[in-house]
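Enquirer: predicted coordinates and the sequence they were generated for:
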Amino acid sequence: MNSQILKVDDIQKHYGNKGNITKAVDHISFSVNKGEFVGIMGASGSGKTTLLNCVSTIDKVTSGHIYIEGKDITSLKGKKLSEFRRDKLGFIFQDFNLLDTLTAYENISLALSICGQKPAKIEERVSKIAEALNICDVLNKFPYHMSGGQQQRVAAARAMVTNPAMVLADEPTGALDSQSSKMLLSMLEELNQKLSATILLVTHDAFSASYCKRILFIKDGRIFNVLHKGKDSRKEFFGKIIDIVSVLGGELNDVL
């Protein structure tokens, strides 16, 4: 039986004042189980990034509740919120955000050092994740001595080293060429399969979404449709994604 990692319960996020309210997220509910790779898809302005920002604790909901591992994160404030974000969430950014003055090992271990983990424990965790992502040979290198693919893997290792409940990625391929995009998406798939990472990926790109196991389509702040990959090949799943996108309003130019 799968354990529930995320439960989003009837959340709303409004901007503006009474005279002019924008409902960026409008009564959305869904859940994600451990080890799922879930995509959130929609055109620009659909509310998908606002939804991710609420889940990642960057933004506060207007109403409703979000539970991560059973904890109501909508009630957390200040230091408790920061600690929760640090300990339970991993982030993969478009431009990696590695610190140039630190080696790969230091970049990966930084979060553990901040938590006050003992050096022996840090070394054990970093070695394990580096082996899983095949980057043991770059641990002593600085980012500018690594290839783009190696930097991606170091960034992913940093996101995973704290054993987060969930990894969040917002348009991670947005600034990448097609080859780098494929590498990043294959690596997310690898994290999901090898390390049972629970991943929530926001994208407007059908190719990126085809790597997910389930996709929530967002339109006007609401869930418009849900698509499960099941036993489909990635090519078959991609075709079904395109079909739904065309129904969404023919915004194919926005997702290809």
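Expert: Now that the structure is in, tell me what you want to look at.
Enquirer: who's in contact with Asp232?
Expert: Going by CB atoms under 8 Å, 6 or more residues apart in numbering, Asp232 touches Lys240. Backbone N, C-alpha and C define where each C-beta goes, glycine included.
Enquirer: assign a three-state SS to Ile223, would you?
Expert: Of the three states, Ile223 takes strand under DSSP: H, G, I helix; E, B strand; the rest coil.
Enquirer: surely it meets Phe217?
Expert: Yes. Between Ile223 and Phe217 there is a contact at 7.0 Å, judged by CB atoms under 8 Å.
Enquirer: what does stretch 167-179 rub up against?
Expert: Residues outside stretch 167-179 that contact it (CB under 8 Å, 6+ apart): 49, 52, 55-56, 89-95, 159-160, 180-181, 184-185, 188, 191, 197-205, 208.
Enquirer: can you give me the end-to-end distance of it?
Expert: Distance across stretch 167-179, first residue to last, is 22 Å (CA to CA, to the nearest Å).
Enquirer: from Val245, how far out is Ser46?
Expert: 11 Å (CB to CB, to the nearest Å).
Enquirer: please apply the same query to Leu188.
Expert: Counting by CB to CB - Leu188 and Val245 are separated by 21 Å.
Enquirer: same deal with Val38?
Expert: From Val38 to Val245 the distance is 17 Å (CB to CB).
Enquirer: share the number of residues neighbouring Ala156, please.
Expert: 28 (other CB atoms under 10 Å).
Enquirer: hmm, Leu133 and it touching each other?
Expert: Yes. With contact defined as CB under 8 Å, Ala156 counts as touching Leu133 (6.2 Å).
Enquirer: residues shared between the contacts of these two?
Expert: Looking at what touches both Ala156 and Leu133 (by CB under 8 Å, 6+ apart), the common residues are 187, 191.
Enquirer: show me the strands in the stretch 151-256 of the chain, by range?
Expert: Using DSSP state E, counting those that start in this stretch, the strands found in the stretch 151-256 of the chain span residues 166-170, 199-203, 214-219, 222-228.
Enquirer: comparing Ile223 and Phe217, which residue is more hemmed in?
Expert: Phe217 (23 against 19).
Enquirer: any idea how far the more buried one is from Tyr211?
Expert: Separation of Phe217 from Tyr211 (CB to CB) stands at 16 Å.
Enquirer: quick check: pLDDT value at His228.
Expert: The model reports His228 with a pLDDT of 97.
Enquirer: what's the closest non-adjacent residue to Ile11?
Expert: Computed as CB to CB, 6 or more residues apart in numbering, the closest residue to Ile11 that is not its neighbour in sequence is Gly64, at 3.3 Å.
Enquirer: correction: the previous question concerned Lys240.
Expert: Leu227 (6.0 Å).
Enquirer: my guess is that neighbour contacts Ile215, does it?
Expert: Yes. Counting by CB under 8 Å, Leu227 touches Ile215, with 4.7 Å between them.
Enquirer: which one's more surrounded, the two?
Expert: Ile215 (25 against 20).
Enquirer: okay, and the beta partners of the more buried one?
Expert: Gly39, Leu227 (DSSP bridges).
Enquirer: mind listing what it touches?
Expert: Taking CB under 8 Å, 6+ apart, one finds 38-41, 209, 226-227, 241 in contact with Ile215.
Enquirer: tell me the one of the residues you listed nearest Ile122?
Expert: Ile122 has its nearest neighbour among the contacts of Ile215 in Val38, at 30.3 Å by CB to CB.
Enquirer: separation between the closest one and Ile68?
Expert: 14 Å.
Enquirer: got it, and Glu83?
Expert: For Glu83, the distance to Ile68 - CB to CB - is 13 Å.
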